[in-house]
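K.L.:
Sequence and predicted structure are below.
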Amino acid sequence: MHILSIKPEVILYVYMASCIAVLVFNVLYIFIDKYRGRRLEHQSLEMVDEITGQIQQMEAGVDVREEYFTGLIRRLKKLEKLRAFELSMEEIRRQMPAGRTEKYLEQMRRVFLELVPVYEKRDEIEQAYFASLVEKFGIDKGHTAYDGLMDFMIRMVVHKGVFVRENALRALYMIGNKEAVLAAWEKMEDNEICHSKKLLSDGLLKFTGDRGELARLLFEHRSRFDTRLVLPVMQFIRFLGEDFRKEFLELLSKETVDKEIRLEAVRYFRKYPYEPVRALLQRFLQYHEYLDWEYAAVAAQALESYPGPDTVDCLKEGLKAVNWYVRLNSAETLIMGLKIPKKDLFDVYNGRDRYAREILNYVTEKIEIKGQEMELRETDV
């Protein structure tokens, strides 16, 4: 059997050739990238003068010629030109007050509408970029009727790419059409899209229309949504401060409602006290042995907004719970939330429940350590 042998110098030559090829590629890439950067900068400077001239014409009462928009549409079909447009508008915004660019950007709505079928066929990175520009420059902001731009954003919501979906949602929030937002959420539900609950709730706060009306609309359609979409709506309502106390009490009172939804209702009532809820929150803590421990733990935190002897007695019972978090939250609410002095907790400190005493001592020590740390920081300053 003949074994093929390769001379060591041949391997060395191949390795050296590979290294030289990689080096040449990197050098060429650097030069090409630098060339592209200079060309983009040059194009942006040209567009700055062009757009500034159009803005000045509009301020003088002269209508922009149709040929300008036709040419702009043709150019912005190229991603490089769209990027140059973005840089140009950023520079103009730095040079001019915001009010001077609004009228021009309103006219850009027609341009972006024509670009929809072009960028809908592009890859997800370009689609995400297109949606980000719609939000960034307020294209279609305040538009009440459905159009191709809003429809495109709604279709992008079901995209597998998280950045595409998030940018499309941000664009819809910026436009401020509550029906369009509802349609997008229904699309996510129908396609079983799982999006970050934090991104969803934070995004709703950026809605430029009437946020109270949006909250009502989404909450009224909650039966259409899975828990993963109902929770961000409830969090949005909590952050917004809208009065949904009766509606949330109804959810909290029903044992058939999903646990996460009921817990979110408890968090709402911690921030916005509602006297009819007091007894229900206390019951969660009193019957902690028979309920899911999370109800008791969250209720213990919420009870800081419902001071009174009955609440203090209820929290003292919570100190005896088997679950550590229930005991911790009860102790923190008593000491930090309701500011109950140590003398009024004499019965606990001298009682038979060692765990109740320990959790009170733990919270007290934690407060003392935080106080010492604050003093040290003030001393260092």
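P.N.:
That came through fine.
K.L.:
Go ahead and confirm residue 194 touches residue 227.
P.N.:
No: taking contacts as Cβ atoms under 8 Å, residue 194 lies outside contact range of residue 227: 11.5 Å. For glycine as for every other residue, the C-beta is placed from the backbone atoms N, C-alpha and C.
K.L.:
any idea of the mean pLDDT in stretch 202-209?
P.N.:
Per-residue pLDDT over stretch 202-209 has a mean of 94.
K.L.:
Likewise for stretch 114-131?
P.N.:
93.
K.L.:
show me where the stretch 101-250 of the chain has helices.
P.N.:
Listed in chain order, the helices of the stretch 101-250 of the chain (DSSP state H, counting those that start in this stretch) span 124-136, 148-156, 162-175, 178-190, 197-204, 211-220, 227-240, 245-253.
K.L.:
what about the shortest one, distance to the chain center?
P.N.:
Centre-to-centre, helix 197-204 and its host chain are 4 Å apart (Cα atoms, centre = their mean, to the nearest Å).
K.L.:
Same question for stretch 353-370.
P.N.:
Counting by Cα atoms, centre = their mean, stretch 353-370 is centred 36 Å from the centre of its parent chain.
K.L.:
which residues touch that stretch?
P.N.:
Here stretch 353-370 makes contact (Cβ atoms under 8 Å, 6 or more residues apart in numbering) with 316, 319-320, 324, 327-328, 330-332, 334-336, 342, 345, 348-349, 351.
K.L.:
if you set the cut-off to 10 Å instead, what comes out?
P.N.:
Outside stretch 353-370, the residues that touch it by Cβ atoms under 10 Å, 6 or more residues apart in numbering are 316-322, 324, 326-336, 342, 345, 347-351.
K.L.:
Flag every buried residue along it.
P.N.:
Of the residues in stretch 353-370, 356, 357, 359, 360, 363 count as buried by neighbour count, 16 or more other Cβ atoms under 10 Å.
K.L.:
and if you look at stretch 226-237?
P.N.:
228, 229, 230, 231, 232, 233, 234, 235, 236, 237.
K.L.:
Share the number of residues neighbouring the residue lying closest to the fifth one once chain neighbours are set aside, please.
P.N.:
Distances taken as Cβ to Cβ, 6 or more residues apart in numbering place residue 200 nearest to residue 232, at 3.7 Å, with adjacent residues excluded. Neighbours of residue 200 under the rule other Cβ atoms under 10 Å: 20.
K.L.:
Could you export the buried residues of stretch 226-237 as JSON lines, including pLDDT and distance to residue 204?
P.N.:
Below are the buried residues of stretch 226-237 laid out as JSON lines (pLDDT from 0 to 100; distance: Cβ to Cβ, whole Å):
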{"residue": "228", "pLDDT": "93", "distance to residue 204": "14"}
{"residue": "229", "pLDDT": "95", "distance to residue 204": "11"}
{"residue": "230", "pLDDT": "96", "distance to residue 204": "13"}
{"residue": "231", "pLDDT": "96", "distance to residue 204": "12"}
{"residue": "232", "pLDDT": "96", "distance to residue 204": "7"}
{"residue": "233", "pLDDT": "96", "distance to residue 204": "7"}
{"residue": "234", "pLDDT": "96", "distance to residue 204": "11"}
{"residue": "235", "pLDDT": "96", "distance to residue 204": "9"}
{"residue": "236", "pLDDT": "96", "distance to residue 204": "4"}
{"residue": "237", "pLDDT": "96", "distance to residue 204": "9"}
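K.L.:
Pick the one among those closest to residue 51.
P.N.:
Closest to residue 51 out of the buried residues of stretch 226-237 is residue 236 (36.6 Å), distances taken as Cβ to Cβ.
K.L.:
which ones are touching that closest one?
P.N.:
Counting by Cβ under 10 Å, 6+ apart, residue 236 touches 200-205, 207, 211, 214-215, 218-219, 242.
K.L.:
just the residues you listed now: which is nearest residue 183?
P.N.:
Nearest to residue 183 among the contacts of residue 236, with distances taken as Cβ to Cβ, is residue 218, at 11.3 Å.
K.L.:
That closest one contacts residue 233, correct?
P.N.:
Yes: Residue 218 lies in contact with residue 233 (Cβ atoms under 10 Å); the separation is 4.6 Å.
K.L.:
Common neighbours of these two, please.
P.N.:
Counting by Cβ under 10 Å, 6+ apart, the residues touching both residue 218 and residue 233 are 185, 204, 225.
K.L.:
that older thread, does the residue nearest to residue 232 really touch residue 166, like I thought?
P.N.:
Yes: in this structure residue 200 lies within contact range of residue 166 using Cβ under 10 Å: 9.4 Å.
K.L.:
any idea how far residue 122 is from residue 79?
P.N.:
Residue 79 sits 8 Å away from residue 122, taking Cβ to Cβ, to the nearest Å as the criterion.
K.L.:
Mind listing the shared neighbours of these two?
P.N.:
Counting by Cβ under 10 Å, 6+ apart, the common neighbours of residue 79 and residue 122 are 129, 130.
K.L.:
what separates residue 377 from residue 368, distance-wise?
P.N.:
Distance from residue 377 to residue 368, by Cβ to Cβ: 15 Å.
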